[in-house]
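Asks: predicted model, plus sequence, below.
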Amino acid sequence: MSGSNRILIIGVGSIGERHLRCFKATQRCEVAFCEPNEERRNEIAARYEVDGYDSWESALKAETFSAAVIASPAPYHIPTAQVLAERGIDLLIEKPLSLNTDGIAGLMKTAEKNKTRIAVGYVYRALPALQKMRAAVLSGRFGKIVQVQVQAGQNFPFYRPAYKDIYYAVPELGGGLIQDMLPHSLNAVEWIAGPATRVVVDAGHKVLEGVTVEDTLNLIARHGEVMSNFTVNQHQPVNEFVMTVVCEKGAARWELSGQRWLSASENGGDWTEEEAFVHERDDYYILQANAFLDLLEGKADSLCPLEDGIKTLHSILAILESRKNGAWVDVS
């Protein structure tokens, strides 16, 4: 390993272990982790030959860290981030940023006071194909954005066989499609079209066995003058995410599968592939880790700054409210 940054991974469940592995793979930093489950802690420490602690408190007592990745359950994100920000530790906070707005204002004040650099883990922003498409759209090449369409789905039990026994089954821990999968799609759209301003949703539990949380969703949103719609599920066989940005003079499309973006400008024509990239799943998080290390080294801005993560959180909270009352909700 090279580099002066030592990164603490807080929580090594599925996503935390991936962060640990991918930060280690950059060869630009050193990593350690904390995990309260002793069996899991010993397993991860041996597998990756890194130091493991039973808590972030004990880790900070033992050594100094320049930054931390908060990959614990969502209800702990903001309280943990607040304490670490007070100590001047830069942060990458996994999505969802939180399940409510408690403590958000305090974290923002602390981060501003201590100049704490904070990024939120919306990994799609690290992917070159989406970055390239966004740059082309925002350059005005296709004219003014009119509408964004999202079609996304995956077979969640295939990727997370233990889904019945983890946070996913419990809304209070961030479970369900709206808090688990939808934020990725929504944040990507907001990165291009701006924050959602008004939403209405139809969501329900349709397929997944052993849980009662929603697994299927149709969402309509407004982003100021821009219209958007999302059709998302967590049970279809094919893992896909397709975003189509329809503009006045053409359109652009990003496909997660194949990591490519396409354009269309000829009436009655077809899509033209602009660029395609080859990525394995870990590559997404290695790209994100490198971007975060660039932020720590002053080479780049945050891919998803705290302010953007907060905007997506407000949108998700409005969507949850819409699900309860079955009506349009203005995003606060």
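Replies: Done, it's in.
Asks: so which helix or strand of the protein has the lowest pLDDT on average?
Replies: The helix or strand with the lowest mean pLDDT-type score in the chain, counting by mean pLDDT, DSSP states H and E, is helix 156-159 (a mean of 94).
Asks: hmm, who's touching that one?
Replies: With contact meaning Cβ atoms under 8 Å, 6 or more residues apart in numbering, helix 156-159 is reached by 163, 168, 181, 208, 215, 234, 235, 239. Glycine gets a C-beta too; all of them are placed from N, C-alpha and C.
Asks: any idea how many residues pack against the first one?
Replies: Think residue 163. Per other Cβ atoms under 10 Å, the neighbour tally for residue 163 reads 22.
Asks: export stretch 251-262 to PDB, keeping only CA atoms.
Replies: Provided in PDB are the C-alpha atoms of stretch 251-262 (Å, rounded to 0.1, in the frame of the first residue of the first chain):
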ATOM      1  CA  ALA A 251     -32.100  12.300 -26.500                       C
ATOM      2  CA  ALA A 252     -29.400  10.400 -24.600                       C
ATOM      3  CA  ARG A 253     -29.500   7.100 -22.900                       C
ATOM      4  CA  TRP A 254     -27.300   5.400 -20.200                       C
ATOM      5  CA  GLU A 255     -27.300   1.600 -19.700                       C
ATOM      6  CA  LEU A 256     -25.800   0.100 -16.600                       C
ATOM      7  CA  SER A 257     -25.500  -3.200 -18.300                       C
ATOM      8  CA  GLY A 258     -22.700  -2.900 -20.700                       C
ATOM      9  CA  GLN A 259     -21.700   0.500 -19.200                       C
ATOM     10  CA  ARG A 260     -22.400   2.500 -22.200                       C
ATOM     11  CA  TRP A 261     -24.200   5.600 -23.300                       C
ATOM     12  CA  LEU A 262     -26.000   6.300 -26.500                       C
END
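Asks: which parts of it are buried?
Replies: 251, 252, 253, 254, 255, 256, 259, 260, 261, 262 (16 or more other Cβ atoms under 10 Å).
Asks: try stretch 143-161
Replies: Residues of stretch 143-161 classed as buried by neighbour count (16+ other Cβ under 10 Å): 145, 148, 149, 150, 151, 152, 153, 154, 155, 156, 157, 160.
Asks: quick one on the thing from earlier: quick one: buried ones out of the contacts of helix 156-159?
Replies: Buried members of the contacts of helix 156-159, scored by 16+ other Cβ under 10 Å, are 163, 168, 181, 208, 215, 234, 235.
Asks: would it be right to say that the fourth one lies in a strand?
Replies: No: if the criterion is DSSP: H, G, I helix; E, B strand; the rest coil, then residue 208 is coil and not within a strand.
Asks: circling back: could you dump the buried residues of stretch 251-262 to TSV with secondary structure, distance to residue 268 and pLDDT?
Replies: Below are the buried residues of stretch 251-262 laid out as TSV (DSSP: H, G, I helix; E, B strand; the rest coil; distance: Cβ to Cβ, whole Å; pLDDT from 0 to 100):
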residue	secondary structure	distance to residue 268	pLDDT
251	strand	13	98
252	strand	18	98
253	strand	17	98
254	strand	22	98
255	strand	22	97
256	coil	27	94
259	coil	28	94
260	strand	22	98
261	strand	21	98
262	strand	16	98
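Asks: hmm, back to that, which one of the buried ones among the contacts of helix 156-159 sits closest to residue 84?
Replies: The closest of the buried ones among the contacts of helix 156-159 to residue 84 turns out to be residue 168 (Cβ to Cβ; 25.8 Å).
Asks: contact partners for that closest one?
Replies: Contacts for residue 168 (Cβ under 8 Å, 6+ apart) come out as 156, 160, 174, 175, 176, 180, 211, 213.
Asks: so the last one sits against residue 172, correct?
Replies: No: because the distance of 10.7 Å does not satisfy Cβ atoms under 8 Å, residue 213 is recorded as not touching residue 172.
Asks: neighbour-wise, which of the two wins?
Replies: Counted by other Cβ under 10 Å, residue 213 and residue 172 do not tie: residue 213 has more neighbours, with 20 against 11.
Asks: can you tell me the element the more buried one falls in?
Replies: Residue 213 is part of no helix or strand when elements are defined by DSSP states H and E.
Asks: and if you look at residue 147?
Replies: strand 145-155.
Asks: ok, that strand: who's next to it in the sheet?
Replies: Strand partners for strand 145-155, identified by DSSP bridges, are recorded as strand 226-233 (parallel), strand 235-247 (antiparallel).
Asks: do you know which of these lies nearest residue 100?
Replies: Using Cβ to Cβ, the strands paired with strand 145-155 put strand 226-233 closest to residue 100, at 22.1 Å.
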